[in-house]
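In: next comes the sequence, and after it the predicted model I'd like to discuss.
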Amino acid sequence: MTSYSHVLLVLLLFSTLLFSCSLLTQKSDIGIFEKSVDVGKCKIPGSVKYDATNQTYLVTGGGENMWFDTDAFHFVYKQASGDISLAADIAWPNLEGNPHKKAVLMIRQSLEPNARYVDAALHADGLTSIQYREEPGAMTREIQSNVRAPQRLRLEKEGNYVSMSIAAENENLHAAGGTFKIVFTDPFFIGLGVCSHDNSVSKQAVFSDIEFIPIKKDTTVLLDTVIESTLETIAIASKDRRVVYHVRNHIEAPNWSRDGKTLIFNSNGKLYTIPVTGGEPEMINTGFAEKCNNDHGLSPDGKMLAISDQSKDGRSIIYTLPAKGGTPRRITSQAPSYWHGWSPDGRTLAYCAQRNSEYDIYTISVNGGKEIRLTNAPGLDDGPDYSPDGQFIYFNSIRTGLMQIWRMRPDGSQQEQMTNDEYNNWFPHPSPDGKWIVFLSYQKDVQGHPANKDVMLRIMPADGGEIEVLAKLFGGQGTINVPSWSPDSANLAFVSSRLAY
């Protein structure tokens, strides 16, 4: 080999070494992350500064918003696959600028501005929420936490479900409540983001104590499984959700009070009230009735409460009592009977009951007496609820193969099928303004209405028509068994679940 060739080889090796060192330096410049980029149209370029000594990330981002069908922000990211969580302390060096500027932990399918994504977002004004776009170009939705301005956030992806955990200073992370279903394909992008919410300026947030943790849980071991329940509301117009109450326990079946201020739910045989704005539940005195199931609801004037209780002989019996608590008065003489609806004039109760091995729809006077059978088709008929004008009773029936939504006149005549699709549809509830029917949908292979399943809240016009998905969630039994509309028909209350280990 000539000396000239030796020189070229040395130069080539030296250049390769320099390039490799450059890559290593570039990687170390942003710590555990791989790259940093502006996503969408950002007038002022963003950046990231990594402090290796303190292991903090100062992220500067511009952009108009991260909302609607497109985003603009600065993203510091790496690629990942499988089930994973990302946690960080988040702080604003100053709170100047738009109060809706956001610092986020994000999972994103691509770097396109309209991509499928989910994030745990801390706004400058303290609002904390989990935001998501289910499909490219779709509208962004959110689940608002009932805790403002936490110090630490964690975003978790387990299978097709995503959730957020939060913690105040000197507090352990705990679930914020409100999981939802969204599908990401491997690999995806995960990292930190900042949006100034004002395209003419850029703003900064500090991320520290970063934790990437692969999630590996043996879901076949159920002995250590804990049910987490979240009482939520959803706005019908926007489909945005808000957490009212989250607990490591099983709660079910919310009713909305007639004044719109409180919710009623059941847990472990007891009934509780809680403000719609959140707070601590208060137990309703139901006397001897200490085994209430999730079939309960208020009279049209809000003064009385119907309950279904199994304290007497282990079979459900319908009682009424004052809404604020008191001694239950027995209504149905036969059991099992499960309350579901109250006629708008306050005179009649509608319920599902098993008689002679068949479950059918019955009505009875609010004062008790003889019950009237309204359905007699083979198979289960369940979930009766009155339309607000009293002209119809909506119910679900399995008579055509899958569980579908039906309606009939209050005397049982003119029974007609309202849905006919490939889902099992349960518990139809007409809105107070008479425009909508909301119901719960299971996959076609699910029998009954069990808990802890993939379900959807769906809505359709009261006279039938196009069905729309309000939310995809983990739940089922107790999600919306009973009427749970707000009095103004703008919101719905429901319960979602999560299996914690």
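Out: Happy to help now that I have it.
In: now the strands for the stretch 101-250 of the chain?
Out: For the stretch 101-250 of the chain, applying DSSP state E, counting those that start in this stretch gives strands covering 102-108, 117-123, 128-133, 141-144, 152-158, 161-167, 174-175, 180-181, 188-195, 203-214, 226-235, 241-247.
In: tabulate the ones you listed (JSON lines), appending distance to Lys324.
Out: Backbone N, C-alpha and C define where each C-beta goes, glycine included. Formatted as JSON lines, the strands of the stretch 101-250 of the chain follow (distance: least, CB to CB, whole Å):
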{"stretch": "strand 102-108", "distance to Lys324": "42"}
{"stretch": "strand 117-123", "distance to Lys324": "38"}
{"stretch": "strand 128-133", "distance to Lys324": "34"}
{"stretch": "strand 141-144", "distance to Lys324": "29"}
{"stretch": "strand 152-158", "distance to Lys324": "39"}
{"stretch": "strand 161-167", "distance to Lys324": "34"}
{"stretch": "strand 174-175", "distance to Lys324": "32"}
{"stretch": "strand 180-181", "distance to Lys324": "35"}
{"stretch": "strand 188-195", "distance to Lys324": "47"}
{"stretch": "strand 203-214", "distance to Lys324": "47"}
{"stretch": "strand 226-235", "distance to Lys324": "20"}
{"stretch": "strand 241-247", "distance to Lys324": "20"}
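In: ok, which of those comes nearest Ala91?
Out: strand 203-214 (4.8 Å; CB to CB).
In: neighbouring strands - and their directions - for that closest one?
Out: Under the criterion DSSP bridges, strand 203-214 sits next to strand 56-61 (antiparallel), strand 84-91 (antiparallel) in its sheet.
In: out of the strands of the stretch 101-250 of the chain, which is closest to Cys352?
Out: strand 226-235 (23.6 Å).
In: packing partners of the closest one?
Out: Secondary-structure packing of strand 226-235 (3 or more CB pairs under 8 Å, 6 or more residues apart in numbering; DSSP states H and E): strand 241-247, strand 491-500.
In: what's the least confident stretch among these?
Out: The weakest mean pLDDT among those belongs to strand 491-500, with a mean of 94.
In: now it against strand 241-247, angle please.
Out: Interaxial angle, strand 491-500 versus strand 241-247 (axes from the mean of the first three to the mean of the last three CA atoms, to 10 degrees): 50 degrees.
In: could I get the buried residue list for strand 491-500?
Out: Residues of strand 491-500 classed as buried by neighbour count (16 or more other CB atoms under 10 Å): 491-499.
In: and of those, the nearest to Asp463?
Out: When these are ranked by distance to Asp463 (CB to CB), Leu492 comes first, at 19.3 Å.
In: okay, and the beta partners of that closest one?
Out: Counting by DSSP bridges, Leu492 is bridged to Ile234, Trp485.
In: from Ile284, how far out is it?
Out: Going from Leu492 to Ile284 by CB to CB, to the nearest Å gives 22 Å.
In: adding mean pLDDT, mean neighbour count and distance to Thr327, write the strands paired with strand 203-214 out as TSV.
Out: Output for the strands paired with strand 203-214, formatted as TSV (pLDDT from 0 to 100; neighbours: other CB atoms under 10 Å; distance: least, CB to CB, whole Å):
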stretch	mean pLDDT	mean neighbour count	distance to Thr327
strand 56-61	98	23	61
strand 84-91	98	20	49
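In: can you lay out those as a markdown table showing distance to Ser145?
Out: Formatted as a markdown table, the strands paired with strand 203-214 follow (distance: least, CB to CB, whole Å):
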| stretch | distance to Ser145 |
| --- | --- |
| strand 56-61 | 22 |
| strand 84-91 | 14 |
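In: which one, of these, ends up nearest to Asp186?
Out: strand 84-91 (10.4 Å).
In: pull the distance from that closest one to the chain's centre.
Out: 21 Å (CA atoms, centre = their mean, to the nearest Å).
In: touching that strand from outside, list them.
Out: Outside strand 84-91, the residues that touch it by CB atoms under 8 Å, 6 or more residues apart in numbering are 103, 105, 107, 122, 151-157, 165, 173, 190-192, 205-215.
In: write the PyMOL selection for whichever of those are buried.
Out: A single PyMOL command is used to select the members of the contacts of strand 84-91 judged buried by 16+ other CB under 10 Å:
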select buried, resi 103+105+107+122+151+152+153+154+155+156+157+165+173+190+191+192+205+206+207+210
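In: so how far is Met106 from Asp454?
Out: Taking CB to CB as the measure, Asp454 and Met106 are separated by 24 Å.
In: check Phe427 too.
Out: 35 Å.
In: could you do Leu440 as well?
Out: Using CB to CB, Leu440 is found at 31 Å from Met106.
In: between the two, which one's more packed in?
Out: Shown here are Leu440 and Met106; by other CB atoms under 10 Å, Leu440 has more neighbours (28 against 25).
In: please verify my assumption that the more buried one contacts Trp426.
Out: Yes. At 4.7 Å, Leu440 and Trp426 qualify as touching, with contact defined as CB atoms under 8 Å.
In: need the overlap of contacts for these two.
Out: Counting by CB under 8 Å, 6+ apart, the contacts common to Leu440 and Trp426 are His449.
In: list the contacts of the spatially most central residue of the chain.
Out: Residue closest to the average C-alpha location in the chain (CA atoms, centre = their mean): Gly178, at 4.0 Å. By CB under 8 Å, 6+ apart, the contact set of Gly178 is 130, 143, 145, 163-164, 230, 232, 241, 243, 246, 496.
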